Every structure is written in structure tokens, then in C-alpha cells.
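Enquirer: just a sequence and a predicted model for now, questions to come.
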Amino acid sequence: MVRKAQKISVDAPQDMSEADQHLREIGRVNIQLRDIDTDLRESTQKMKQQAEDQAKPLRLQKEALELGLQSWAQANRKALTNDNRTKTVKLPSGEIKWRILPAKVTLRKVQDIIAYLKANKLRKFLRVKLEIDKDAMLRDKIAAAKVPGVTIGSDGEAIDFSVDETKLAA
């Protein structure tokens, strides 16, 4: 279904007083929009909490069932996998699978690790990342513009209309 664009009538202010009135009205509308958004967030949070409260006992039940099944499967793995010839056991309601997870590296205190690797000549564990320095290109626009593939955009005036209605009298 195609929506038709809703037409709005534009009432442009005719003088400073009317412009100020427009700013006041924008401020009032923004407050109403903020209140609607706040109400939505609060009701969404309440619904989310209710759903989490309902789901918690089910998650605990599922976890207990999975742990029990895993315990049984591990105890009977040799028989279930035909002496470890297969990694999957098919049951009428689903499958039990054993998978080897790939190794992963977890890093804490990266700067300390880098210092250690440098000090112990383990540079094979380090890599250098090259990046283009756009700030340097902006500092030397003429030279940067000569580089194939580089375009230096205009830093001239741009039209950026904004309204700040925060100075409304209470």
C-alpha cells in the first residue's frame, strides 16, 4: 500500500515577535514529543521486565534439562557414538552433537603484553597497521590533492539551519 504524503500548512512569521512565538511553540512541541518518548520507553521497559520475569523459570528449567542430558550423553558417549566413530547422535526429537571449538585468544592489559613482547624479542606476535592520516592531508591540501584517488572537499560555508528553543522562560 502506498502512503500519500501528508500536507502541512506553513505559517511563516512576519516579524520578530511572531518568530519568537514560533520558537516558543517549537519548545512546547518538543516537550510533548519528549514526554511521549519517555512514556514509550517506560512502558517498553515494564513489558520487557515482565517478559524476563516470565521467562526466568523456563530458562532455569531448560538449563537443568540440558545439563542432565549432557551428563547422560557424556556417561554413555562411547555407546552412543559407536565407539567415537561419529560426533552426532540422532534421537526421535532431535540430535546430540559433540563439537571441538576452535582455539581463541583473549587479551587483557594489551599495552603490557605489547611491552613484554617487544622486550623479549617476540615481534612475530606483533603486526604494524598502516593507515592514511587524513588530518595530515588536510594540513597539506595541495600535496594531498596530487595523490591519485584523493579529493579534498571544500571547507567553505555550508547552510545549517537549526533552532534552539531551550532559552524559553518558564
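Expert: Looks like it came in fine. Just so it is clear, the structure is predicted and the values come from calculations on it, not from any experiment.
Enquirer: the strands in the protein, which residues?
Expert: 88-91, 94-97 (DSSP state E).
Enquirer: what is the last one packed up against?
Expert: So the one you mean is strand 94-97. Contacting strand 94-97 under the criterion 3 or more Cβ pairs under 8 Å, 6 or more residues apart in numbering; DSSP states H and E are the following elements: strand 88-91. Yep, even glycine has a C-beta here, placed from its N, CA and C like the rest.
Enquirer: give me the number of residues near residue 104?
Expert: 5 (other Cβ atoms under 10 Å).
Enquirer: rewinding a little: turn the strands of the chain into TSV, including mean neighbour count and mean pLDDT.
Expert: Converted to TSV, the strands of the chain look like this (neighbours: other Cβ atoms under 10 Å; pLDDT from 0 to 100):
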stretch	mean neighbour count	mean pLDDT
strand 88-91	12	88
strand 94-97	12	90
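Enquirer: between those strands, which one is nearest to residue 32?
Expert: Set against residue 32 and scored by Cβ to Cβ, the strands of the chain come closest in strand 94-97, at 52.1 Å.
Enquirer: distance from that closest one to the middle of the chain?
Expert: 33 Å (Cα atoms, centre = their mean, to the nearest Å).
Enquirer: who does it pair with, and is each partner parallel or antiparallel?
Expert: strand 88-91 (antiparallel) (DSSP bridges).
Enquirer: ok, and what's touching the partner strand?
Expert: By Cβ atoms under 8 Å, 6 or more residues apart in numbering, the surrounding residues in contact with strand 88-91 are 73, 80-81, 95-98.
Enquirer: apply 6 Å and report the result again.
Expert: For strand 88-91, contacts defined as Cβ atoms under 6 Å, 6 or more residues apart in numbering pick out 80, 95-97.
Enquirer: now stretch 65-77
Expert: For stretch 65-77, the surrounding residues in contact (Cβ under 6 Å, 6+ apart) are residue 96.
Enquirer: pLDDT averaged over it - what is it?
Expert: For stretch 65-77, the per-residue pLDDT values average out at 92.
Enquirer: pLDDT wise, what is residue 92 at?
Expert: On pLDDT, residue 92 comes in at 90.
Enquirer: can you count the residues close to it?
Expert: Neighbour tally, residue 92, other Cβ under 10 Å: 4.
Enquirer: now it: how far from residue 67?
Expert: For residue 92, the distance to residue 67 equals 21 Å [Cβ to Cβ, to the nearest Å].
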